[in-house]
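Visitor: just to be clear, the model below is a prediction. Sequence and coordinates:
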Amino acid sequence: MRVAVNMTWCVPGAVGGSEEYLVRQILGLDTTEIEPTLFVPRGFSYAHPELRDRCEMVETDNDGTSRVRRILDESSWLFRRTGGFSLVHHGGGTVPTIHRSPTLLTIHDLQYRAFPEYFSRKKLTYLRAVMPMSARRASAIAVPTEFVKSTVCESYGISDERVHVVPHGVEPRLGEGATPESELREKFDLGDSPFVVFPAMTHPHKGHAFLLDVMERYWAARGIRLVLIGGRGAAEADIARRMLSDSLSASVSRLGRVSAVDRDGLIRAAIALVFPSEYEGFGAPLIEAMALGTPVLCSDRACLPEVVGSAGLVRALDVDEWGSAIDALATRRSELIDAGRERVTDFTAATSGAALARAYRSIVR
């Protein structure tokens, strides 16, 4: 089966978890059965040598940052190059106006419907017009969780059998070469305090402001440091301004984007990975933390309870509840680590790739 995978929208480092999601699925594919060809923006192959060594890549002559140019390329450049494939997999949530069939469409989430206030007027108008139409054009749809499946079916009137859950996967080598804790503490000036880590771009729905509230009221006074890693999002300026206060400047470290080995090392060394997001289609850092042996504390919103199951602490977005959760984490630490390691066996790259292959086979007879 020859599959063309449209990843022209996937600018390395700029699209968050959706990039990791698709990369891990493709790495998990059985290439003796399925032969994927990836259509990617300029520079993508250098960011993902593990994919470059595994499957054919065809790069556009632009870097993918212009949505207008990408949309035009999908209906012209991509269309011309995808004839003769068994199917075309569009990984970015939309199907071009001019497209090949059959088509698998990946929809990562419907955040624009749940929190329209977090989107610019221009982008919101685009998503409202294009995503429902794309869902109806697709031969089948892949989503990361049952939560997203139910919202897609309800929102767009899509039949249940057309939507396939393809979970995130964790690479078996995750954590290999992780930077040692002592080196990280010196490198990032973290001192000797216990710390919690939150890996996410500073978008409003992620919950950085909520964590700062918890720090001010509870955790900072107990000598706990908050380590924030991830790129700059729409709420970056507000978060940076709040961190200038005396109560937070000494207890919060904003590290920005860090290397994969530093990221894994920070998660492994933390007393917990905290994830107070209001909305997620999956929340891959939760299973990554479990794989690295770190307990998880997350919100009770969207798909997060589904992903965590009983392998972590799930709490309402209430400052008092989160303030006291640190004691429960300490008391149940060994139990949660063991439960997390068991839970993560359901989320491997091979499992994800196999689910994607089943979605492909459902539309190629």
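Guide: Happy to help now that I have it. Residues are numbered from 1 along each chain as shown.

Visitor: buried set for stretch 229-244?
Guide: By 16 or more other Cβ atoms under 10 Å, the buried positions in stretch 229-244 come out as 229-230, 233, 235-236, 239, 242-243. From N, CA and C alone the C-beta is placed, and that goes for glycine too.

Visitor: actually, stretch 58-66.
Guide: 59-60, 63-64.

Visitor: kindly report the same for stretch 146-166.
Guide: Taking 16+ other Cβ under 10 Å as the criterion, stretch 146-166 shows 147-149, 151-153, 156, 158, 162-164, 166 as buried.

Visitor: tell me the contacts of L22?
Guide: 5, 7, 10, 91, 106 (Cβ atoms under 8 Å, 6 or more residues apart in numbering).

Visitor: going by neighbour count, which of these are buried?
Guide: Those of these that meet the buried threshold are 5, 7, 10, 91, 106, by 16+ other Cβ under 10 Å.

Visitor: quick one: the fourth one and V5 touch, right?
Guide: Yes - G91 sits in contact with V5 when judged by Cβ atoms under 8 Å, with a separation of 6.2 Å.

Visitor: so for stretch 195-209, mean pLDDT?
Guide: Confidence for stretch 195-209, expressed as mean pLDDT, is 96.

Visitor: pull the CA atoms of that stretch into PDB?
Guide: Presented in PDB, the C-alpha positions along stretch 195-209 are these (Å, rounded to 0.1, in the frame of the first residue of the first chain):
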ATOM      1  CA  PHE A 195      10.600  21.000  41.500                       C
ATOM      2  CA  VAL A 196       7.500  20.300  39.300                       C
ATOM      3  CA  VAL A 197       7.800  20.600  35.500                       C
ATOM      4  CA  PHE A 198       5.200  21.900  33.000                       C
ATOM      5  CA  PRO A 199       6.200  21.300  29.300                       C
ATOM      6  CA  ALA A 200       3.900  23.400  27.100                       C
ATOM      7  CA  MET A 201       3.800  26.500  24.900                       C
ATOM      8  CA  THR A 202       2.400  29.500  26.700                       C
ATOM      9  CA  HIS A 203      -1.000  29.500  25.100                       C
ATOM     10  CA  PRO A 204      -3.900  30.800  27.200                       C
ATOM     11  CA  HIS A 205      -5.700  27.400  27.500                       C
ATOM     12  CA  LYS A 206      -2.600  25.600  28.800                       C
ATOM     13  CA  GLY A 207      -3.000  26.900  32.300                       C
ATOM     14  CA  HIS A 208       0.300  28.700  33.000                       C
ATOM     15  CA  ALA A 209      -1.500  31.500  34.900                       C
END
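
Visitor: how about it: buried residues?
Guide: 195-208.

Visitor: need phi/psi at the residue of the chain most remote from its centre.
Guide: What lies farthest from the middle of the chain is D246; by Cα atoms, centre = their mean that is 32.6 Å. Dihedral angles of D246 (phi, psi; degrees, to the nearest 10) stand at phi -60, psi -40.
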